[in-house]
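Q: okay, sequence plus prediction incoming.
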Amino acid sequence: MCGRFTLTTNPAETQNTFSGFGFPPVFAPRFNIAPSQPLLAIPNDGRKQATFFLWGFMPTWAKDSNFDRRLINARSETLAEKPSFKGAYKYRRCLILADGFYEWKAVSGQKTPHFIFMKSRQPFAFAGLWSDWESADGSTLKTCAIITTEPSELMRPIHKRMPVILPPSAYRAWLDPRPRDDLQPLLKPYPAEEMDAYPVSTIVNNPANERAECVVPA
């Protein structure tokens, strides 16, 4: 799964990496993005504009906001069949922006957090699904989930799943507003040789700890 991640690059660097997309003029660096919190994503609504979504997917058919908001991840292998996600997989896909993520390695009952990132230290995009959920009073809640897949060689010793990271060459297809039935090959582990990982402090375990120390090697 993917339960925490970062987006610490400044707006100018993020804009440079994701040229062709619009961004808010200012957004703060995030060192410990957790479920239910806002994150920056680019939906396939044709506008090519990054905006904020809440992490925790709400299907459009959910009756009320008490729906299980723990849908932070969606397994790539079952997207086309799972009722919660199959509609979004067909019509509402997004890029979720990040520059690293955390995963916990379990050894003898102890869990050690690890930080995983690109060797280039550049920001990247998770494959995501989004939803505009409308409440009875007409208000809209924008929510999303991160798609996961089997681990790469780098991730396998740390965890049995990893988020799907899309290469820039896949952005156009993933953000196509039309229904697509040829996207499954994109949902694969990112090349291990382009990424790196190291253990970090357990301060990241608490989502209230939102500071640079979270990504410092332990």
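A: Looks like it came in fine. Since we're looking at a predicted model, the values are computed, not measured.
Q: count of residues packed around residue 1?
A: With neighbours defined by other C-beta atoms under 10 Å, the count for residue 1 comes to 14. For every residue, glycine as well, the C-beta is placed using N, CA and C.
Q: pLDDT below threshold where in this structure?
A: Along the chain, segments meeting pLDDT under 70 span 64-69.
Q: show me where it has its helices.
A: For the chain, applying DSSP state H gives helices covering 11-17, 86-91, 171-174.
Q: closest to residue 44 out of those?
A: Taking C-beta to C-beta, helix 171-174 is the member of these nearest to residue 44, at 7.1 Å.
Q: pull the distance from that closest one to the chain's centre.
A: Here the centre of helix 171-174 is set off from its chain's centre by 16 Å, with C-alpha atoms, centre = their mean, to the nearest Å.
Q: dump stretch 17-32 to CSV, restricted to CA.
A: Output in CSV follows, covering the C-alpha atoms of stretch 17-32 (Å, rounded to 0.1, in the frame of the first residue of the first chain):
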residue,chain,number,x,y,z
THR,A,17,9.0,19.2,-14.2
PHE,A,18,5.4,19.1,-15.2
SER,A,19,5.5,21.7,-18.0
GLY,A,20,2.3,22.0,-19.9
PHE,A,21,0.2,21.9,-16.7
GLY,A,22,-1.1,24.7,-14.5
PHE,A,23,-0.4,25.0,-10.8
PRO,A,24,-1.5,27.1,-7.9
PRO,A,25,1.0,30.0,-7.5
VAL,A,26,1.9,29.0,-4.0
PHE,A,27,1.8,25.7,-2.1
ALA,A,28,3.7,24.7,1.0
PRO,A,29,6.3,21.9,1.1
ARG,A,30,4.7,18.7,2.6
PHE,A,31,6.9,16.2,4.4
ASN,A,32,4.3,13.8,5.7
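Q: give me the buried positions along it.
A: Neighbour-count burial for stretch 17-32, counted by 16 or more other C-beta atoms under 10 Å, picks out 17-18, 21, 23, 27, 30-32.
Q: ok, stretch 179-192 next?
A: For stretch 179-192, the buried set under the neighbour-count rule, 16+ other C-beta under 10 Å, comprises 180, 183, 186-187, 189-190.
Q: my read: residue 194 touches residue 119, true?
A: Yes - Residue 194 is within contact range of residue 119, at 6.0 Å (criterion: C-beta atoms under 8 Å).
Q: so those two - more neighbours on which side?
A: Neighbours were counted for residue 194 and for residue 119 using other C-beta under 10 Å; residue 194 has more, 14 against 9.
Q: got a list of what that one touches?
A: Residue 194 sits next to 118-120 when contact means C-beta atoms under 8 Å, 6 or more residues apart in numbering.
Q: closest to residue 51 out of those residues?
A: residue 118 (23.6 Å).
Q: gap between that closest one and residue 111?
A: Distance, residue 118 to residue 111, using C-beta to C-beta, to the nearest Å: 24 Å.
Q: more neighbours, these two?
A: Counted by other C-beta under 10 Å, residue 118 and residue 111 do not tie: residue 118 has more neighbours, with 16 against 12.
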